[in-house]
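Peer 1: Next one to model:
(chains A, B, C and D)
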Number of protein chains: 4
Amino acid sequence: MSSNKIDFSIPSLGEAKISSPIMMSTTHDDGQADYVTDDDHILYSIDTDIDEKGHPVPRHEETLEVAGPRAKIYFNPAHVHAAICTCGGICPGLNNVIRAVVRCFWYRYGVRRISGVQYGYQGLLENSPWPLIPLDPDVVDDIQEKGGTILGSARGGGKQVEEIVDSLERMNINILVTVGGDGTLRGAFDISEEVKKRGLKISVIGIPKTIDNDLSFIQSSFGVDTAVQMAVPVVRCAHIEAKNSIHGIGLVKVMGRESGFIAANTSLAQSDVNFCLIPENPFDLDGPEGLLARLKQRILERSHAVVLISEGAGQDLVPSTGETDASGNVKYQDIGIFLKDRINAYFKQEGIDTNVKYIDPSYIIRSAPADSFDSIYCARLGAHAVHAAMSGKTQALIAQVNNRFVHLPIKVAVSTRNHVDLEGSLWRDVLENTRQPFMMKNKD
Amino acid sequence: MSSNKIDFSIPSLGEAKISSPIMMSTTHDDGQADYVTDDDHILYSIDTDIDEKGHPVPRHEETLEVAGPRAKIYFNPAHVHAAICTCGGICPGLNNVIRAVVRCFWYRYGVRRISGVQYGYQGLLENSPWPLIPLDPDVVDDIQEKGGTILGSARGGGKQVEEIVDSLERMNINILVTVGGDGTLRGAFDISEEVKKRGLKISVIGIPKTIDNDLSFIQSSFGVDTAVQMAVPVVRCAHIEAKNSIHGIGLVKVMGRESGFIAANTSLAQSDVNFCLIPENPFDLDGPEGLLARLKQRILERSHAVVLISEGAGQDLVPSTGETDASGNVKYQDIGIFLKDRINAYFKQEGIDTNVKYIDPSYIIRSAPADSFDSIYCARLGAHAVHAAMSGKTQALIAQVNNRFVHLPIKVAVSTRNHVDLEGSLWRDVLENTRQPFMMKNKD
Amino acid sequence: MSSNKIDFSIPSLGEAKISSPIMMSTTHDDGQADYVTDDDHILYSIDTDIDEKGHPVPRHEETLEVAGPRAKIYFNPAHVHAAICTCGGICPGLNNVIRAVVRCFWYRYGVRRISGVQYGYQGLLENSPWPLIPLDPDVVDDIQEKGGTILGSARGGGKQVEEIVDSLERMNINILVTVGGDGTLRGAFDISEEVKKRGLKISVIGIPKTIDNDLSFIQSSFGVDTAVQMAVPVVRCAHIEAKNSIHGIGLVKVMGRESGFIAANTSLAQSDVNFCLIPENPFDLDGPEGLLARLKQRILERSHAVVLISEGAGQDLVPSTGETDASGNVKYQDIGIFLKDRINAYFKQEGIDTNVKYIDPSYIIRSAPADSFDSIYCARLGAHAVHAAMSGKTQALIAQVNNRFVHLPIKVAVSTRNHVDLEGSLWRDVLENTRQPFMMKNKD
Amino acid sequence: MSSNKIDFSIPSLGEAKISSPIMMSTTHDDGQADYVTDDDHILYSIDTDIDEKGHPVPRHEETLEVAGPRAKIYFNPAHVHAAICTCGGICPGLNNVIRAVVRCFWYRYGVRRISGVQYGYQGLLENSPWPLIPLDPDVVDDIQEKGGTILGSARGGGKQVEEIVDSLERMNINILVTVGGDGTLRGAFDISEEVKKRGLKISVIGIPKTIDNDLSFIQSSFGVDTAVQMAVPVVRCAHIEAKNSIHGIGLVKVMGRESGFIAANTSLAQSDVNFCLIPENPFDLDGPEGLLARLKQRILERSHAVVLISEGAGQDLVPSTGETDASGNVKYQDIGIFLKDRINAYFKQEGIDTNVKYIDPSYIIRSAPADSFDSIYCARLGAHAVHAAMSGKTQALIAQVNNRFVHLPIKVAVSTRNHVDLEGSLWRDVLENTRQPFMMKNKD
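Peer 2: Purely as a prediction, here's the structure:
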């Protein structure tokens, strides 16, 4: 077993003493749905060795607390003022999460003060021009049929921790559910640290949102499935454009700043992709092993090609913009346009007529409403966030690991990035599917 | 740990001695995708207890063999004649599986004799009028964009085991990949037993197909995700019909003979469902706790209602047909029509005008092409089946368990049924979402 | 020219004296959109003969008044109380019409009293339990993204003319826009006759709604295009089911009580249909020329077949139900189920195994949101209805004829039915596409 | 009546003497579909004046020959070698047209030599590397389910008229069906003039293809309806992006080089568009009446905005590229990127934070498969082209005018462009819907 055990324990605001108003059972085999207890754990990893006697010896001994409704809760529902905010770029499923949170607070626990914070943390700043939006089941009815978030979303604000906690105090908010990515979750952690410092009893629960799927420990983030569903027909268009013109090359850029999950999964779903380029797998453009020579070979053999690229791939090939956005993320050059120009120049130089058709569908993908997979996922994420908050958990994320909903300490979740493992089965299957070379780097 | 250990070991045709033509690595951390070894196992269950010292004690000690390409293979690709057949009702993803199998044999292993068997096992019977269809990458190009299966599918034939093995011998087929449900897989097991009895070296590999998701041990069967994606807009239609007419009741029937997974997941994905009825959860129609009284209450309170029912739910309420289909499955009464009539009669008697709109979308759902989730799933299932067969495994299913592709002994897989656990988290979340009563049975 | 000229003149409530608040032009060629005048007419029919000198002699000399905003209006917007109601079964585009009506009243004319009548004429009955719904641009924002009608729809009520006019008087409604089919429009006519009798100044404008497209003079009714868009994938499913099973027969029933436009157009759009059966073209089941013998021939030759049938086709073959619905329409037997049973019985008797898969998608089709074609159509229908009403027209329908929006007297529109012309180009092209025999009747 | 009569007469290769093999009727009222005769004409325009006696006096006296199967044909089907080519950019419906042409030749007339020309006219050049593709019903089965064209499409080649006619002679092609836009049709005309000069009997029939809908006389070109269907969800995405961010501006560019039909219709179909910019309606960026000031006003009032622009709009505002493409069309600057940059700069200067989200969906739109409207349209266009060719017509287009299929002389069709009439009802309805100012030009 690994020696550096990760600490997956979940902080709590205090002892949960109040009987839950949810009508569930604490007895197995009575045919009725059961409460979850804090003793319910799952193994973090299913990888195992087997000892001489044939017994399994799990490679990792960390376990995770299972999420779900507890028989005892910490907050008196009558005293709760819950708030929810959505931060960063939009992502399929945000409205589903909002809806599930509101409905679970309202119908399950009888909470009647639920507020929507507008434009992420910015709506909690002292001089925010945007008031809280009172939420109830009528307000959130049907919102899941639309993309985006009814609360609006924005980057930034997460560093003004004291100001935000002032606002929470002033508005008597004692549960804050934040939906966002890396930066948002760091902000949530800092907020809850400030809450603790002040001796307040405010539960801060995060719901991880990353369409790039680059948060660690989490099986797959909500919105990713929809993103792939939306990317597939775009790649199909690129394929048709490529096949229908003389030496046609379809080039599609999808989201994925540091992790190429959308590109990798799309390549598996729509197997017309010939070259899948992701940030984890650097490549050369020039030289005998480089992309351009490979592309030429493909065009000469098959007359058309489809290239799918993550926005963060090949960033070593382009000059840096030197700019950052409101969340502090480095702004990338548009690798798609860069690549299009380079491919055109290369084939012109090689004396081969080509037709490069470049498609950049990004907003089309992220503003889609959630598909049914993500709808289910978000409905359950939202409910689990409410259960966690009501039971007094804090500094916790709701995450799906090994198909179970668990509590994950925010601190742990933001400590590393999730990447496509170049030696793992996903990338292996992508390579088998695209039949692209394992490496497009020249030796030197 | 449990005492009755399930035997998950996988039979093999013999020692794999031939170096695989797939260019993969046997070394970790060389940045290249790795072969899988027979020692790679995962825990079957992630549930764990924790001992006094804080160490995890898994509740189940069974482990599963990880699927994937092996460094050594059993069959010389030049000697392989592989066949694939699709059995039973159609299901989203069949063409994706066929395509993946063909491409993996062809491109990865260089196998050039790949045959499609028409209409399931019937195409392997002695007097089958349907010849084998030669398959190659051109034939299967783009077939995944269509629903159904290019091979045709049919029930029956699986009992004529000797006749089928005669055919396999006569046609020199040494790898048989069968895609089908419970009955098909039992047939595959019987065929491979007969193969063994005759001392033949024929690998029989199954790919489980059950749109009802009722095969045990398997995380979720291919096609189920697409089925839910297709069912959601139908429920939305029922909801619109219900809301737009006076006391409207939308009634939708979905697949699910013995297991209500499609209905349960659809209820989570499209939260307009007020009553989700599944085979696992019997209900009364009449009496104060029965469905009709509950429905009346809903209509009086909210003026409209949506009822979603699995085809196998409530079969105790209707007279049996006494008939069986070609696979030996009992033919069910159409519970949807029965329920529609009963609801109409009840409300007439109660003096309440209603408009019951009944929708039965079954063929629309199962004939859809795979969505991207199932496309990815099927692409990987098909490739893993080929890897398993080439390495000499037999009597094995390819299955996803805890998000990993594993080999599952067919014998074990068909031993029990998979059901919605009424005390588990899926059903709990459905109940929270529909807010239907836990039980619609009268006490007696 | 024809002798029996149809009188297409449009009644008016009185002289329009008030300058329209819409900023349009009365001058041509000033580059600005123009008002329409009552002198603007189009020919009702484009069919023409040519005289000896080569000049065209139109076969019909009737002309139609062009719809659109007039420079002078009849009603002072400040005095208007407009009401809109949707009657009969739902149809794609209803919400688009409501939205367009509200927005045109509000934004173009500054009308601030706009009311939605619930559940068709029933909402105007004396003891209606449903209050008027105040409508404004916020209420109707985004409603077009949903199928159905936010006002609810119902049959019946249209005979209680006096009661309805009492209600209009009591609520000071001076513009009534009714959206509905044959019966609704007859009701609208009767209402406006009663209005005239009482000397009231209430404009009654109809927007024809018939998913069967069976209203005369009108080019194509809104919702029909969407209905065909929705029917096409259903036929594709039937085709897949048919092709994938042994001697598979896909049978699909679509709407079309007296007119087979949806079936005919769907057969052209999705050319997998082998037999398109419509009410206008009677057929035999039995005998050498009958459908069953033709179907057998097709099955023996091609192994699969797709049959598309309008709900009103073949009603002479089935026993009458003797029942009528709330609109007084005769209730039909389900020809689909009847045909399925007859096909099964016939092939059993002929000793041929078949698999008949019957799909009845009706509610799925009519509850869909409008596609873009119908969205545009409805946006324009709604606006033209408002322009007509504001200018004091009454007893008029808004209709598209020869691609122009015109005013059509309600009285004329409901006088005959629109049918598929068996000698015309639409049916000719259907026959060419399905290659079905011109007639499936036995001689006698 | 207008004095300058347009000559709509259709050239013919000679007298049609052969009885058509199509089983149709020459008698009315026998209940059987009828042949069309050369005397069947429709009025070109339905606009009419009315004389003192109340009789209509059509404003235009031109008439058009109705398309459809003739009782007598010119070509002996056994002697026909028909060829079809698709030119220029791809467009939804191309495969439907190819399929309809092939099926009509094959099934209706028994023609057995049908060839597909690859990559437009380039496939007819002397040194074309691409052979003719033999076409029959099996080859074209199901092709309509895919976007693009199975023949490939390319610009250019149309000027090498002699070379092309040499090829037609050499390959004994006596019917050429060309599908393409302005340039293609000019090429077709030139080819048929060369054919005439050589005394050959080759029928050249065009099917107009222009996703911009900019061909004159034609009601609406195939593919346009699908283009709008595809553009609507993209505008919806832009609207969601705009509404969900602080001062969000969604900017979408659609096709439309010289005519703004796609933008105008999309604005009617999806009424979230606030500014619809088309080539026909020039606008200023700066100044009090300019777009930027209007946009600022909208943002200050409503916080978000959606701008939809045709690619050819505002080209006077950007520097010319000076380049042309292979068809000789001037290459445009990307007005979308230009506008995005200008909007960003303007709001920065005004001190207002905005989020401009620019979406350019072009290839996604044009590579879509045809929707049902275009599927029907293309099925009928293709069949009518075959009927025209078989009856010996030449230099004719198949077009829909006033909802009828007619023959249009190519020469006339390419003489002018079709534009959105700024004083007509379409643009009037767009202005009513977007509520944008009639003019965004400053006075000077």
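
Peer 1: which SS class is residue A:344?
Peer 2: Three-state call for residue A:344 (DSSP: H, G, I helix; E, B strand; the rest coil): helix.

Peer 1: what about whatever residue of the stretch 251-400 of chain A ends up closest to chain D, distance to chain C?
Peer 2: For the stretch 251-400 of chain A and chain D, the shortest gap (CB to the nearest CB) falls at residue A:367, measuring 4.2 Å. All C-beta atoms are positioned from the backbone trio N, CA, C, and that covers glycine. Applying CB to the nearest CB, to the nearest Å, the value for residue A:367 to chain C is 14 Å.

Peer 1: same check, this time on residue A:273
Peer 2: Distance, residue A:273 to chain C, by CB to the nearest CB: 26 Å.

Peer 1: Just to check, the residue of the stretch 251-400 of chain A closest to chain D is in contact with residue A:147?
Peer 2: Yes. Counting by CB atoms under 8 Å, residue A:367 touches residue A:147, with 4.2 Å between them.

Peer 1: what residues are shared contacts of these two?
Peer 2: Shared contacts of residue A:367 and residue A:147, defined by CB atoms under 8 Å, 6 or more residues apart in numbering or on different chains, are found at A:90, A:92, D:236, D:237, D:240.

Peer 1: could you dump these to a markdown table with neighbour count?
Peer 2: Output for the shared contacts of residue A:367 and residue A:147, formatted as a markdown table (neighbours: other CB atoms under 10 Å in any protein chain shown):
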| residue | neighbour count |
| --- | --- |
| A:90 | 27 |
| A:92 | 28 |
| D:236 | 23 |
| D:237 | 27 |
| D:240 | 26 |
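
Peer 1: secondary structure class for the closest residue to chain D within the stretch 51-200 of chain A?
Peer 2: Across the stretch 51-200 of chain A, the shortest distance to chain D (CB to the nearest CB) belongs to residue A:148, at 4.0 Å. Reduced to three states with three-state DSSP, the structure at residue A:148 is coil.

Peer 1: Which secondary structure state does residue A:349 sit in?
Peer 2: Residue A:349 ends up helix, using three-state DSSP.

Peer 1: so how far is residue B:48 from residue A:411?
Peer 2: Distance, residue A:411 to residue B:48, using CB to CB, to the nearest Å: 23 Å.

Peer 1: who has more neighbours, those two?
Peer 2: Neighbour count, other CB atoms under 10 Å in any protein chain shown: between residue A:411 and residue B:48, residue B:48 has more, with 22 against 17.

Peer 1: domain parsing for chain A?
Peer 2: A:18-221+A:370-401, A:224-368+A:422-434 (the TED database).

Peer 1: want to try JSON lines for those, with mean pLDDT as columns?
Peer 2: As requested, the domains of chain A are arranged in JSON lines below (pLDDT from 0 to 100):
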{"stretch": "domain A:18-221+A:370-401", "mean pLDDT": "95"}
{"stretch": "domain A:224-368+A:422-434", "mean pLDDT": "93"}
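
Peer 1: With adjacent residues omitted, what lies nearest to residue A:369?
Peer 2: Leaving out its chain neighbours, the residue that sits closest to residue A:369 by CB to CB, 6 or more residues apart in numbering or on different chains is residue A:147, at 4.8 Å.

Peer 1: From chain B, how far off is the one you found?
Peer 2: Taking CB to the nearest CB, one finds residue A:147 at 16 Å from chain B.

Peer 1: surely that residue meets residue D:240?
Peer 2: Yes. Assessed by CB under 8 Å, residue A:147 is found in contact with residue D:240 at 4.6 Å.

Peer 1: which residues are in contact with both of the two?
Peer 2: The contact sets of residue A:147 and residue D:240 overlap at A:90, A:367 (CB under 8 Å, 6+ apart).

Peer 1: For chain B, see how far away the closest residue to residue A:338 other than its chain neighbours is.
Peer 2: Using CB to CB, 6+ apart and skipping residues adjacent in sequence, the residue nearest residue A:338 is residue A:318, 5.1 Å away. The gap separating residue A:318 from chain B is 23 Å, by CB to the nearest CB.

Peer 1: Help me confirm that residue A:318 comes into contact with residue A:333.
Peer 2: Yes. Contact criterion CB under 8 Å: residue A:318 and residue A:333 qualify, at 4.1 Å.

Peer 1: Give the other helices and strands that the longest helix along chain A contacts.
Peer 2: In chain A, assigned by DSSP state H, the helix with the most residues is helix A:224-244. Taking 3 or more CB pairs under 8 Å, 6 or more residues apart in numbering or on different chains; DSSP states H and E as contact, the helices and strands that helix A:224-244 lies on are strand A:248-254, helix A:261-269, strand A:305-310, strand A:355-359, helix A:362-366, helix A:372-390, helix B:372-390, helix D:362-366.

Peer 1: Output the fifth one as PDB - backbone C-alpha positions only.
Peer 2: C-alpha atoms of helix A:362-366 as PDB (Å, rounded to 0.1, in the frame of the first residue of the first chain):
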ATOM      1  CA  SER A 362     -16.800  26.300 -28.600                       C
ATOM      2  CA  TYR A 363     -19.800  28.400 -27.500                       C
ATOM      3  CA  ILE A 364     -22.200  26.100 -29.300                       C
ATOM      4  CA  ILE A 365     -20.900  23.200 -27.100                       C
ATOM      5  CA  ARG A 366     -20.900  24.900 -23.700                       C
END
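
Peer 1: tell me how far that helix is from the chain's mean position?
Peer 2: Distance of helix A:362-366 from the chain centroid (CA atoms, centre = their mean, to the nearest Å) equals 15 Å.

Peer 1: repeat for the second one
Peer 2: Its chain's average C-alpha position is 15 Å from that of helix A:261-269, according to CA atoms, centre = their mean.

Peer 1: Can you spell out which helices and strands pack onto the helix or strand just after it?
Peer 2: Per DSSP states H and E, helix A:261-269 leads on to strand A:275-277 as the next helix or strand towards the C-terminus. On a contact count with 3+ CB pairs under 8 Å, 6+ apart, strand A:275-277 meets helix A:261-269, helix A:291-302, strand A:305-310, helix A:425-434.

Peer 1: same thing but 10 Å
Peer 2: strand A:248-254, helix A:261-269, helix A:291-302, strand A:305-310, helix A:425-434 (3 or more CB pairs under 10 Å, 6 or more residues apart in numbering or on different chains; DSSP states H and E).

Peer 1: elements contacting the fourth one?
Peer 2: This means strand A:305-310. Other elements packing on strand A:305-310 under the criterion 3+ CB pairs under 10 Å, 6+ apart are helix A:224-244, strand A:248-254, helix A:261-269, strand A:275-277, helix A:291-302, helix A:335-350, strand A:355-359, helix A:425-434.

Peer 1: so can I have a markdown table of the ones you listed showing distance to residue D:402?
Peer 2: A markdown table is the format used below for the helices and strands packed on strand A:305-310 (distance: least, CB to CB, whole Å):
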| stretch | distance to residue D:402 |
| --- | --- |
| helix A:224-244 | 33 |
| strand A:248-254 | 38 |
| helix A:261-269 | 45 |
| strand A:275-277 | 50 |
| helix A:291-302 | 46 |
| helix A:335-350 | 44 |
| strand A:355-359 | 37 |
| helix A:425-434 | 51 |
